[in-house]
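A.B. asks: how would this look folded up:
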Amino acid sequence: MTHTITRRMLCISTAILTIAGAVPLVTGAAQAADSIKLGIVAPMSGPNARYGAFSMRGAELAVKDINDAGGVDGMKIELFNADSQGTPVEGVSATRRLIDQDGVDFIIGDVSSSVTLAMQPVAEDAEVLLLNAASSNPKITYQAGVGGFKWTYRNYPTDENRALIVAKYAAEQRSFTKFAVLSVDSDYGRSAITFTKKYLPDFKGQILSEDYYKEGEVDFRSVLAKIRDNGAQAIIMYGLADTTPIVARQMIELGLAGKVTLIGNGEFNTEKTIKSAPSALEGAVEAAAWLPAFDSPASKAFVEKFTTTYKEAPNNHAYVHWDTVNLLAAAVKQAGSADKEKVRDALSKIKYKSPVGDVSFDDHNQARLPMILLQIENGKPSIKGAYTADIQYPAK
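C.D. replies: Sure thing, here's the model as predicted:
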């Protein structure tokens, strides 16, 4: 079930790819003379290498399926990868290698928003289509399309999408109007609250207190006591997965469990987190780009095929890269050509049916992409549906 919201109304991979540099991976039949050259920029090494491993596996699976079925109008996809190491400097170098040495016309990347932001001007100068599949910083699309970068598109919801969807659901479906903030003290945590504040007045919501925590903090009792006494109905928390169980257990100590609800994003829905403090997590609300449990035939088929192929379940990074390769193939087919300008034009007009819901792009080249809304019910995550959100962009 897909709902439309307007402004008004990980598992960890045990097999890390160790390929360094840009190495062509041709799947299906032998390399065709008339092919689609696609590069992937992702962290293949470094602390985020597990994300790169899942990203590559998802992309490889999509490429293999497409090529085994005859390609896109007979054109096979050549897949190249380049290691960003999760840093902007290496991401720029990886992007240039794919363009200058491998001659790609299309790039998917990067997992990290800071890397993607650094890649944008490189792709723009080279007039190469940059499709982002996993970065969530809204600035990427603030400055894309009519914002300036004509060659950047994003097939992933932003932090602003998430904040709007969660706030809307909490206000209209749970009737919450009084909120407290307890979020991680980082660009991500503070930005999510900034976006929440941007839309909360539309839903007659107010923030009664606002607190941020540093990574490694373990005592939240004084903040939780303040929240208990100020009458907040929900705690808006965009935070670290390891911190959520600590906060939840201390909510029980302070008598907040069952009275004040966690909303936002902090891996509320994992079995480990729920088991840490079930009474505090009951009713928690979270939005996700995709989940293996999402009940659609196409999503289930992907999960089954990925698990069979790689002997482990896919995570979000595997799914979004698999889906973005399929999106690109659909745009090439609609364009009737692998010419990058024609594909770009087709992408702007496309109506793509993803496993989560219908996808189209706005004038900032941002996908109007459904997010999955979860609520913890009876100790288990319950999917409440897939929701889209229309962003209010900054004035030009």
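
A.B. asks: quick one, helices of the stretch 201-350 of the chain?
C.D. replies: Ranges of helices in the stretch 201-350 of the chain, per DSSP state H, counting those that start in this stretch, are 221-230, 244-253, 271-276, 278-281, 297-310, 316-335, 340-349.

A.B. asks: starting at the chain centroid, how far to the longest one?
C.D. replies: When C-alpha coordinates are averaged (CA atoms, centre = their mean, to the nearest Å), helix 316-335 and its chain have centres 14 Å apart.

A.B. asks: So which elements touch that helix?
C.D. replies: If contacts are counted by 3 or more CB pairs under 8 Å, 6 or more residues apart in numbering; DSSP states H and E, helix 316-335 sits against strand 35-42, helix 49-68, strand 106-109, strand 129-132, helix 297-310, helix 340-349, strand 352-353. For the C-beta atoms, the positions are set from N, CA and C on the backbone; glycine is no exception.

A.B. asks: Tell me the buried residues in that helix?
C.D. replies: By 16 or more other CB atoms under 10 Å, the buried positions in helix 316-335 come out as 316-332, 334-335.

A.B. asks: about what we covered before: got the helices of the stretch 201-350 of the chain as TSV, with mean pLDDT and distance to residue 132 columns?
C.D. replies: Below are the helices of the stretch 201-350 of the chain laid out as TSV (pLDDT from 0 to 100; distance: least, CB to CB, whole Å):
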stretch	mean pLDDT	distance to residue 132
helix 221-230	98	35
helix 244-253	98	27
helix 271-276	94	28
helix 278-281	98	32
helix 297-310	97	20
helix 316-335	97	8
helix 340-349	97	12
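
A.B. asks: now stretch 266-273, how far from the centre of its chain.
C.D. replies: Taking the mean of its C-alpha atoms, stretch 266-273 sits 17 Å from the chain's own mean (CA atoms, centre = their mean).

A.B. asks: before we move on, the earlier item: the helices of the stretch 201-350 of the chain: which one's closest to residue 159?
C.D. replies: Distance to residue 159, taken as CB to CB, is lowest for helix 316-335 among the helices of the stretch 201-350 of the chain, at 14.5 Å.

A.B. asks: got the CA positions of the closest one in PDB?
C.D. replies: C-alpha atoms of helix 316-335 as PDB (Å, rounded to 0.1, in the frame of the first residue of the first chain):
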ATOM      1  CA  ASN A 316      19.600  -1.600   2.300                       C
ATOM      2  CA  HIS A 317      22.800  -0.800   0.300                       C
ATOM      3  CA  ALA A 318      22.500  -3.900  -1.800                       C
ATOM      4  CA  TYR A 319      18.900  -3.200  -2.600                       C
ATOM      5  CA  VAL A 320      19.300   0.500  -3.500                       C
ATOM      6  CA  HIS A 321      22.200  -0.200  -5.900                       C
ATOM      7  CA  TRP A 322      20.300  -3.200  -7.500                       C
ATOM      8  CA  ASP A 323      17.300  -0.900  -7.900                       C
ATOM      9  CA  THR A 324      19.300   2.000  -9.300                       C
ATOM     10  CA  VAL A 325      20.900  -0.200 -12.000                       C
ATOM     11  CA  ASN A 326      17.400  -1.300 -13.000                       C
ATOM     12  CA  LEU A 327      16.300   2.300 -13.000                       C
ATOM     13  CA  LEU A 328      19.100   3.300 -15.300                       C
ATOM     14  CA  ALA A 329      18.300   0.400 -17.600                       C
ATOM     15  CA  ALA A 330      14.700   1.500 -17.800                       C
ATOM     16  CA  ALA A 331      15.800   5.100 -18.700                       C
ATOM     17  CA  VAL A 332      18.100   3.700 -21.400                       C
ATOM     18  CA  LYS A 333      15.200   1.700 -22.800                       C
ATOM     19  CA  GLN A 334      12.900   4.700 -22.700                       C
ATOM     20  CA  ALA A 335      15.500   6.800 -24.400                       C
END
